[in-house]
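In: Need the 3D shape of this:
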Amino acid sequence: MFAIIGGSGLSKLSSLDEERREVVRTPYGEPSGPLLFGQVGGKQVVFLARHGYGHSIPPHAVNYRANIWALKQAGAEGIVSVASVGGIRADLGPGMLAVPSQVLDYTWGRKATYFDGSDSKVVHIDFTEPYDAALRTRILRAAQAAGQPVLDGGVYATTQGPRLESAAEINRLERDGADMVGMTGMPEAALARELDIPYAAIAVVANHAAGRASSAGGIAMSDIEATLQEAMVRVRLVLEQLCALPE
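Out: Okay, the predicted model is just below:
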């Protein structure tokens, strides 16, 4: 069973034939909302809105540990994250989809591990490749089957939020090797790795990053909303194909 975590623009999965919803408690508190169980493309799926179903939880306040734990507890065998990003690379314009291959973490103060209790041993996970290769390949195949172009690869820089970045910060991120910037990629990916759940992401470019192209003089939030609304239609097509692909 796949788990799908919906980010900004995907707080509901219209293609989900919902069968039930479940309020879950975890040792790490409550997840962002009830888990929605149902079918997409004839396959069982569990869906969770990262920011809550009313989009009321900012990126730095998401209980990432509870979210990932709840999905593991529900039986998820893989997690597909959908997240909106700003495009830093010139060829990552608004509305484009990408399947990132690497991550940079600029967040702070977030609960970023399950191994920090006084009675827990120190655990160091290998994070050389932060996204699961097989699941990334499956998403790329699904996009091809859906006729949706996607960028294969790219470095996702995770910032603290909830504010957007300054133009100078984007320049720094580019020097560091970032291709796109978002606010929720970490610690989500690392927590999934700690629980040994394959994890990959579909990044939806909502806007050019600050100081770039159409965002050179500022970022219009109304434009972001319109872009995400259109792009999420295509994301749903990819997710439907992802679920329909043979194992």
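
In: The closest residue in space to Pro94 that isn't next to it in sequence sits in which helix or strand?
Out: Excluding the flanking residues, the one nearest Pro94 by Cβ to Cβ, 6 or more residues apart in numbering is Thr227, at 4.6 Å. Glycine gets a C-beta too; all of them are placed from N, C-alpha and C. Per DSSP states H and E: Thr227 is located in helix 221-244.

In: what do you get for Ala98?
Out: Going by DSSP H and E, Ala98 is in strand 97-99.

In: Following element in sequence after that strand, please.
Out: Strand 97-99 is succeeded, C-terminally, by strand 102-105 (DSSP H and E).

In: tilt between whichever helix or strand comes after that following strand and helix 221-244?
Out: Reading on from strand 102-105 to the C-terminus, the next helix or strand found by DSSP H and E is helix 133-146. Going by axes from the mean of the first three to the mean of the last three Cα atoms, to 10 degrees, helix 133-146 is angled at 100 degrees with respect to helix 221-244.

In: Please name every helix or strand in contact with helix 133-146.
Out: Here helix 133-146 touches strand 78-87, strand 97-99, strand 150-152, strand 199-208, helix 221-244, going by 3 or more Cβ pairs under 8 Å, 6 or more residues apart in numbering; DSSP states H and E.

In: Over to the residue nearest to Gly109 when sequence neighbours are not counted. Which of the three states is it?
Out: Of all residues not flanking Gly109 in the chain, His60 sits nearest, at 7.2 Å (Cβ to Cβ, 6+ apart). Secondary structure assignment for His60 (DSSP: H, G, I helix; E, B strand; the rest coil): helix.

In: looking at the protein, which helix or strand is least sure?
Out: For the chain, counting by mean pLDDT, DSSP states H and E, strand 17-22 ranks last in confidence among helices and strands (a mean of 84).

In: What is that strand packed up against?
Out: strand 35-40.

In: ok, back up a step: and the residue nearest to Pro94, how far is that from Ala3?
Out: Computed with Cβ to Cβ, to the nearest Å, the distance linking Thr227 and Ala3 is 25 Å.

In: just Asn67 next, same as before
Out: Distance of Asn67 to Ala3, computed by Cβ to Cβ: 9 Å.

In: So for those two, which residues contact both of them?
Out: Leu48 (Cβ atoms under 8 Å, 6 or more residues apart in numbering).
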